[in-house]
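Asks: I need the structure of the sequence given here:
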Amino acid sequence: MIRVLFLTLFVIATIYADFSEIQTATSREGKYGAHIDAANWVHFVVYSPHAEQINLLLFANEQDRTPSQEIPMEKHGENWKIKVKGQRVGEGLHYMYKAKGPYNVRPGAPYGLNFNDIYYLNDPYSYLNQNVSFSRVFLSIPYGDNKESIYAGGGKSIVYNHAKDTHPGYVKIARRDLIVYELHVQDYTARVRNLDPKKRGTYLGLAASGLKTPGGLSAGLDHLVELGVNAVELMPIMEYDEETGNLPDRYNHWGYMTTNFFTPEARYASQKGQQVIELKKLVRELHKRKIAVFLDVVYNHTAEQSPWEHGNRLAVKYYNFMGLCNTQMYRSTANGKHYFNNTGTGNDVTFFGGNRFTKTWTNDSLAMWYKVYGVDGFRFDLARILADGSANAADWVDNDPRFAGAHLHAEPWDLGGQWWNFMDNGTWNYSNNRWTKWLGKYRDHIRRFSASGMKDRALFKRLLEGYGTTANPNEVASSKPWRSINKLTCHDGYTLRDVVYFNDADGSHNCWDSNGNENLRREREKLMMGVLLTSQGVPLILQGDEFGRTKSSAQTQSDAHNTYNYESNNGANYINNVNWIDWSLKDGNNSKSPNGPRYGHELFQWTKKLISLRKKWTHFRRDHFPTYADSSQKGNQNNDKYTYSWENKAFNTPTQLSVIWWGKEGEPDLMLIYNENWQDFTVNNLGDWSQGDWKVLARSWQKENSDFANLENWQQLPNTNGSFTVKSRSMAILISDND
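Replies: As a prediction, the model looks like this:
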């Protein structure tokens, strides 16, 4: 018997008509996935500690529902391995696995081992995959106790060799200098007229230069360059199941239902099967323009979701992990009968304990994207799950040397709670990890500020200085300014335009329709963008907010707040255009977005000039929290310090604040005046705060061409003569050389 098992690993395997001269042998490969060695053997390694047998399935054609070759694999500890060689075995080979083992789940108790070897499983470590979606993988409902195959022929893994490709390089940007722009690959170019229709909404579409708005202004990649952002945060681009929405004519659009964490999404390729090459080209083109690339990554759950009851049977999505190692991958409830749910998808990945497979898998994935694609950083969806219950608080991510140069940004919450000071409490701070975190509280408070509803001067100061805030209004969130990711909006919520367009009845999203006053909407959007880009910390801008993009054409206001399923599977533009960017808004033309503004070009120019100011001098991007200047001092003694030169003192009233960021040696001084009030106010003690003369650099309430002076010849601007009046719900920037 031993001799027979031994021979199955070394003799030529059974030959089918589609393959010939296939050899198999024991593999000693230490990496998961499929890897080609120097002798042209392909090593296959998969994790499945409780399987009784894993077989490798080779397919002759990409659409085949039945494998042409089935090869038993050998168990090595918790892993299964085999190496294969022969004609048609190499790069481009389509393959899957099937796993045999215990099945001990039932309706009412879905958590547990649920092996079924009639299901074909793709490789969770594959570098290239066919598009994975429910209908491409399953012909009917995938009941766990099925006896016959229902494989639809799609979702196969494909052997790929990254070593043959040119590396896209990196862009090194100091954390304090980041200006991040969140975008969706499809949304960004799907409506660009002068782009080849085959490239719209694809990696190559985003990589294309020379794109224009209908009015002839820059669009696409050139728009990013013109705007001045230096990092893009791509919403999820790992292979995901788009058929996980809740309506039959819709796709899940955002991409947070990942199936394969080592391969790019197939749908965003302009040519079938070219997603790896095209994504690398996109990264390369962004890097050529000194724009770093961050990926929004989703390691807290997968597209497999949790099993569900259908009639008196249990159904389950067998894509990969669910049929290989679900009890090692997913967290159970305390009674061990159900899948834990702090993600809202019913299958939280578990990171509890020491050196778990899930930690290896996460870091292997991050290392691959960093080392192979040149990705410069990562934003972690629901990052609290990576650390919940763990004594090392997700430091296992920070400590991996393979991507030590990458930026790490956390969304520090999940359905189970918030961790506003993620990696910045207890023993954790800037000295022992490089995590930063999104500040949801910044968003909430600055929205209220624009509506005259914040009324907390001390809190506003903390937000300006980059400390952030937690659920406790007297606590700070960050131990350094660069650890605060300040945002007004993101994909998951209203756009900046919609914050001033909609009313928010219960106050949960801090929206106010500005009484329908378009001028007030214009002023409030410019105020919020102005506060964002003059705060310490890292600003995050949502795609299109800089020219008034709106999602208000969604079928309901609630939908406009969460447009995750606004992608049509039958080409319906009234659905697609909710998320797809209307570039004519940049021209100031709202004819195709009637609820959008006509001031889009003005808002874009305002944002662009604020970014130019932020990049030109160091006032708003400092490594450390401010050192306060002695109010009795004037002149160069205050260099690189901070002064509140005027503030209203009344408690629980709208903040009126004047603050000076004293320039470093060789830089001018900047005075920022913020007015939360619905009434104008005048600062009349300007002469006390400069040996030179204060000049007006920017006024948010003014119209285009008079709201922002030229940064290059600001010395020629007229003097303010000691006092200056700031309009209601507005801000101003004054400048002085202090000579």
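Asks: what secondary structure does the spatially closest residue to residue 297 that is not a sequence neighbour sit in?
Replies: Spatial nearest neighbour of residue 297, excluding adjacent residues (CB to CB, 6 or more residues apart in numbering): residue 378 at 5.1 Å. C-beta: built from backbone N, CA, C; applies to glycine. Three-state call for residue 378 (DSSP: H, G, I helix; E, B strand; the rest coil): strand.
Asks: Please list all residues in contact with residue 378.
Replies: 294-297, 366, 369, 406-409 (CB atoms under 8 Å, 6 or more residues apart in numbering).
Asks: buried ones in stretch 26-33?
Replies: Within stretch 26-33, the residues that count as buried by 16 or more other CB atoms under 10 Å are 27, 29, 32-33.
Asks: what's the neighbour count on the nearest residue to residue 724 once chain neighbours are set aside?
Replies: Among residues not flanking residue 724 along the chain, residue 683 sits closest, at 5.5 Å (CB to CB, 6+ apart). Look at residue 683: counted by other CB atoms under 10 Å, it has 24 neighbours.
Asks: Please narrow the buried residues of stretch 26-33 to those residing in strands.
Replies: Residues of these located in strands (DSSP state E): residue 33.
Asks: Check what pLDDT the spatially most central residue of the chain gets.
Replies: Centre of the chain computed as the mean C-alpha position; nearest residue by CA atoms, centre = their mean is residue 296, 2.8 Å away. Residue 296 carries a pLDDT value of 98.
Asks: Residue 51 now?
Replies: pLDDT, read off for residue 51, is 98.
Asks: Touching, it and residue 324? I think so.
Replies: Yes - counting by CB atoms under 8 Å, residue 51 does reach residue 324; the two are 7.0 Å apart.
Asks: which residues are in contact with both of these two?
Replies: With CB under 8 Å, 6+ apart, residue 51 and residue 324 have common neighbours residue 99.
Asks: The residue nearest to residue 724: what's it in contact with?
Replies: Contacts for residue 683 were tallied using CB under 8 Å, 6+ apart; they are 645-646, 658, 673, 723-726.
Asks: ok so, going back, what distance do you get for the residue nearest to the centre of the chain to residue 547?
Replies: 22 Å (CB to CB, to the nearest Å).
Asks: and if you look at residue 110?
Replies: When residue 110 is compared with residue 547 (using CB to CB), they lie 47 Å apart.
Asks: same deal with residue 94?
Replies: For residue 94 relative to residue 547 (CB to CB), the value is 44 Å.
Asks: So which of those two has more stuff around it?
Replies: Between residue 94 and residue 547, residue 547 has the larger neighbour count (other CB under 10 Å), namely 29 against 22.
Asks: what about the closest residue to the more buried one other than its chain neighbours, how many residues close to it?
Replies: Closest residue to residue 547 apart from its sequence neighbours, by CB to CB, 6+ apart: residue 600 at 3.8 Å. Per other CB under 10 Å, the neighbour tally for residue 600 reads 29.
Asks: Look up phi and psi at residue 600.
Replies: With angles defined as degrees, to the nearest 10, residue 600 sits at phi -60, psi -40.
Asks: now do the one 10 residues further on
Replies: Backbone dihedrals for residue 610, given as degrees, to the nearest 10, come out at phi -60, psi -40.
Asks: residue contacts, it?
Replies: Shown in contact with residue 610 (CB under 8 Å, 6+ apart): 529-530, 533-534, 698, 708.
Asks: Tabulate those in a markdown table, adding columns for secondary structure and distance to residue 576.
Replies: As requested, these are exported to a markdown table (DSSP: H, G, I helix; E, B strand; the rest coil; distance: CB to CB, whole Å):
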| residue | secondary structure | distance to residue 576 |
| --- | --- | --- |
| 529 | helix | 27 |
| 530 | helix | 32 |
| 533 | helix | 31 |
| 534 | coil | 36 |
| 698 | strand | 37 |
| 708 | strand | 35 |
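Asks: Can you add pLDDT, distance to residue 385 and neighbour count and give the residues you listed back as a markdown table?
Replies: Shown next, in a markdown table, are these (pLDDT from 0 to 100; distance: CB to CB, whole Å; neighbours: other CB atoms under 10 Å):
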| residue | pLDDT | distance to residue 385 | neighbour count |
| --- | --- | --- | --- |
| 529 | 98 | 32 | 25 |
| 530 | 98 | 35 | 24 |
| 533 | 98 | 31 | 20 |
| 534 | 98 | 34 | 22 |
| 698 | 98 | 42 | 23 |
| 708 | 98 | 43 | 21 |
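Asks: Mind putting the residues you listed into a markdown table with distance to residue 301?
Replies: Listed next are the contacts of residue 610 as a markdown table, based on distance: CB to CB, whole Å:
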| residue | distance to residue 301 |
| --- | --- |
| 529 | 33 |
| 530 | 37 |
| 533 | 34 |
| 534 | 37 |
| 698 | 44 |
| 708 | 44 |
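Asks: any low-confidence regions in the stretch 251-400 of the chain?
Replies: 389 (pLDDT under 70).
Asks: ugh, wrong one, the chain
Replies: Scanning the chain for pLDDT under 70 picks out 1-18, 389, 632-636, 739.
Asks: let's see it at 50
Replies: Residues of the chain meeting the criterion pLDDT under 50: 1-17.
Asks: out of the buried residues of stretch 26-33, who's nearest residue 400?
Replies: residue 32 (15.7 Å; CB to CB).
Asks: How about that closest one: what's its closest non-neighbour residue?
Replies: Using CB to CB, 6+ apart, the closest residue to residue 32 is residue 125 (4.1 Å).
Asks: Settle this for me: the one you found is touching residue 33, isn't it.
Replies: Yes - between residue 125 and residue 33 there is a contact under CB under 8 Å: 3.4 Å.
Asks: anything in contact with each of these two?
Replies: 45, 262.
Asks: For the stretch 251-400 of the chain, which segments count as helices?
Replies: 275-288, 321-324, 326-329, 357-373, 384-387, 395-398 (DSSP state H, counting those that start in this stretch).
Asks: of all these, which gets the most neighbours per residue?
Replies: helix 321-324 (a mean of 26; mean count of other CB atoms under 10 Å).
Asks: ends of stretch 199-213, how far apart?
Replies: In stretch 199-213, first residue to last residue: 16 Å (CA to CA, to the nearest Å).
Asks: So which bits of it are buried?
Replies: Residues of stretch 199-213 classed as buried: 199-208, 211-213 (neighbour count, 16+ other CB under 10 Å).
Asks: quick one: the helices in the stretch 401-550 of the chain?
Replies: Going by DSSP H, counting those that start in this stretch, the stretch 401-550 of the chain shows helices at 440-450, 457-465, 496-501, 518-533.
Asks: between the ones you listed, which one is nearest to residue 143?
Replies: helix 440-450 (40.5 Å).
Asks: how distant is the closest one from the center of its chain?
Replies: 20 Å (CA atoms, centre = their mean, to the nearest Å).
Asks: let's have the chain start at 530 instead
Replies: Sure thing, new numbering starts at 530, so read that last one as helix 969-979.
Asks: Other residues contacting that helix?
Replies: Residues outside helix 969-979 that contact it (CB under 8 Å, 6+ apart): 942, 947, 949, 983, 985, 988-989, 992, 997-1000, 1006, 1013, 1015-1018, 1028-1029, 1038-1040, 1053, 1056-1057, 1060-1061, 1064, 1066, 1184, 1205, 1258.
Asks: now the strands: where do they sit in the stretch 680-829 of the chain?
Replies: 686-687, 709-712, 760-763, 767-769, 787-793, 821-826 (DSSP state E, counting those that start in this stretch).
Asks: ok, the shortest one: who's next to it in the sheet?
Replies: The one in question is strand 686-687. Sheet pairing of strand 686-687 (DSSP bridges) gives strand 623-629 (antiparallel), strand 657-658 (antiparallel).
Asks: Quick one: residues in contact with that strand.
Replies: Applying CB under 8 Å, 6+ apart, the external contacts of strand 686-687 come out as 563, 621-625, 651-652, 655-659, 789, 802.
Asks: Just the closest of these to residue 1097, please.
Replies: residue 659 (22.1 Å).
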